[in-house]
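**Q** missing the sequence, but the structure's below:
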DNA sequence: GCAAAAGTGTTTCGCTTACACCCATGG
DNA sequence: CCATGGGTGTAAGCGAAACACTTTTGC
């Protein structure tokens, strides 16, 4: 493909066009288990298969904006502006989509326990309008372990998302994104245990969190009963800090050999 | 944009087309200073400005493949298959490129000291063939501190790359990618010091590296004089490990308050 | 009173840090 | 013999892991 004249760079149709989509791995914790938001595809290809929600990036928006818009549309959440949304990576292998060349910018989003009027149980599809690329028949929270196999290369995207979130818990304050505005330290610890799949020592976890300035801020006087029984737990809000120094390393499955 | 018939999804020209490029932040250490590979743009927009190397992703290749191809073309390196190339993130804001809608998948690459026949001094442009999007007038290694301001949003991409590499040194064995096949521990330590901008304690660095299985492997009997003077240093190769447990945390500028 | 969950204290151990010291080489 | 860089040793101290223990609630 040799150089042409000065108008070369302006010929928008010189190449096979690329479509760009923003797909989302939306994670939450439901009944103590990590869940992911999936949609059932309503048309070919992969009709009837489950997939990550997402859709085409429109000409006037960034991939981030598109992801946030898709998330708002497909979950019916009213305030999607404040939640944590992070770019995961971009998947660009030819042949990902049998229809045409699709480059997908994948994002992860972390939700606290979904509100009662959310997707839980019967899908909340009233606000799920069809739009370019979004051909979902229904949307549902699915336990992470039972999520495969998904359409396209979404299994890989989902696995990458889980790995990324697990790693981010170690050195960021991200875990509070899984929690409601006010939460107990037990709930926060539960986030770590669910995502990492390991049990943590409660006293040490407490100390670590409280010793990190800006991780959590106490809500004076407030308390909540968590399991029906037991001592009411003090409530905290997410702090202002974003990094976690020193990091909260997940226990190594194998101790490093001496 | 309402749903159309079944052929809707197959209409490749229904939307404004997106162009997808792969841009590279190629870092190396030259004369003890972090350098980045830049090209001078040969045409508008930003003609005469410096920019990160990169170019359009072709229809039959992934962004990763395109990045590797661009790197091989623009640096003249023969064996580009083995070096570390990592996806940084994707930049998709509208208006990034005044010509058309361009989505850029950015990568970072780490090179050991470039070979003498490389770009150092006079640019090695013999193998720099023009191709779609690559309109470089010349290519050059530029000290990281003197790299701005660049064309498009490349200042931001470069800053993101530096931040990512610095963070990755903490918990991966990535530093060896900056080193030649055989290197001394002093050279490896120098990588950390240059990227982080801090001095490290040599004995402690040694212990840390050698205590991490798979980080480096000794080359039996080999030694090299580094500065002309001093004891010849033992040589090592990069090990097989990729992660660094426990991490090698960079010293915090401010000690966390008691 | 008992179970369950929150919260506190304490001991031990390992790693990091900081620094002193020896080795090998060129000028 | 001195400057320079490589390499070893070691004592102090911080922080994390492990676990015993107290507190507060519902049943």
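**A** Looks like it arrived, so ask away. Remember, it's a predicted structure, so these values are computed and weren't measured experimentally.
**Q** for DNA strand D, what are the nearby residues on the stretch 101-250 of chain A?
**A** Taking Cβ under 7 Å from any atom of the strand as the contact definition, the stretch 101-250 of chain A meets DNA strand D at A:201, A:203-204, A:207-208, A:211, A:223, A:225, A:228-232, A:246, A:249. No exception for glycine: its C-beta is placed from N, CA and C like everyone else's.
**Q** Can you say which two of those are spatially most distant?
**A** Maximum pairwise distance among these (Cβ to Cβ): 35.6 Å, between A:228 and A:246.
**Q** Pick out whichever of these two has more residues nearby.
**A** Neighbours were tallied for residue A:228 and for residue A:246 using other Cβ atoms under 10 Å in any protein chain shown; the higher tally belongs to residue A:246 (13 against 5).
**Q** list the contacts for the nearest residue to the more buried one once chain neighbours are set aside?
**A** Leaving aside its sequence neighbours, residue A:246 sits nearest to residue B:249 (Cβ to Cβ, 6 or more residues apart in numbering or on different chains; 7.1 Å). Residues in contact with residue B:249 (Cβ atoms under 8 Å, 6 or more residues apart in numbering or on different chains) are A:246-247, B:170.
**Q** Buried ones among the residues of the stretch 101-250 of chain A next to DNA strand D?
**A** Among those, those classed as buried by 16 or more other Cβ atoms under 10 Å in any protein chain shown are residue A:208.
**Q** out of the residues of the stretch 101-250 of chain A next to DNA strand D, which are inside strands?
**A** With strands taken from DSSP state E, the overlap with these comprises residue A:223.
**Q** I'd like to know which of the residues of the stretch 101-250 of chain A next to DNA strand D is nearest to residue B:152.
**A** Nearest to residue B:152 among those, with distances taken as Cβ to Cβ, is residue A:246, at 37.2 Å.
**Q** What are the phi and psi values at that closest one?
**A** Main-chain dihedrals, residue A:246, degrees, to the nearest 10: phi -80, psi 160.
**Q** how near is it to residue A:208?
**A** Applying Cβ to Cβ, to the nearest Å, the value for residue A:246 to residue A:208 is 9 Å.
**Q** Now stretch A:58-66: average pLDDT?
**A** Averaging pLDDT along stretch A:58-66 gives 93.
**Q** first vs last residue of that stretch, how far apart are they?
**A** One end of stretch A:58-66 sits 7 Å from the other (Cα to Cα, to the nearest Å).
**Q** Is that stretch positioned near chain B?
**A** Yes: Stretch A:58-66 lies within reach of chain B by Cβ under 8 Å from any Cβ of the partner chain, at A:58-64.
**Q** Mind listing residues that contact that stretch?
**A** Under Cβ under 8 Å, 6+ apart, the answer for stretch A:58-66 is A:20-22, A:55-57, A:69, A:85, A:87, A:105, A:107, A:132, B:15-16, B:90, B:92-94, B:101, B:103.
**Q** Buried residues in it, which are they?
**A** For stretch A:58-66, by 16+ other Cβ under 10 Å, it's A:58, A:61-66.
**Q** now for those residues, which pair is the farthest apart?
**A** Farthest-apart pair in those is A:58 and A:64; separation 12.4 Å (Cβ to Cβ).
**Q** Between the buried residues of stretch A:58-66, which sits nearest residue A:142?
**A** residue A:66 (22.9 Å).
**Q** pretty sure residue A:52 contacts residue A:40?
**A** No: using Cβ atoms under 8 Å, residue A:52 is not in contact with residue A:40, being 11.6 Å away.
**Q** Who has more neighbours out of these two?
**A** The residue with more neighbours, out of residue A:52 and residue A:40, is residue A:52; 26 against 18, by other Cβ under 10 Å.
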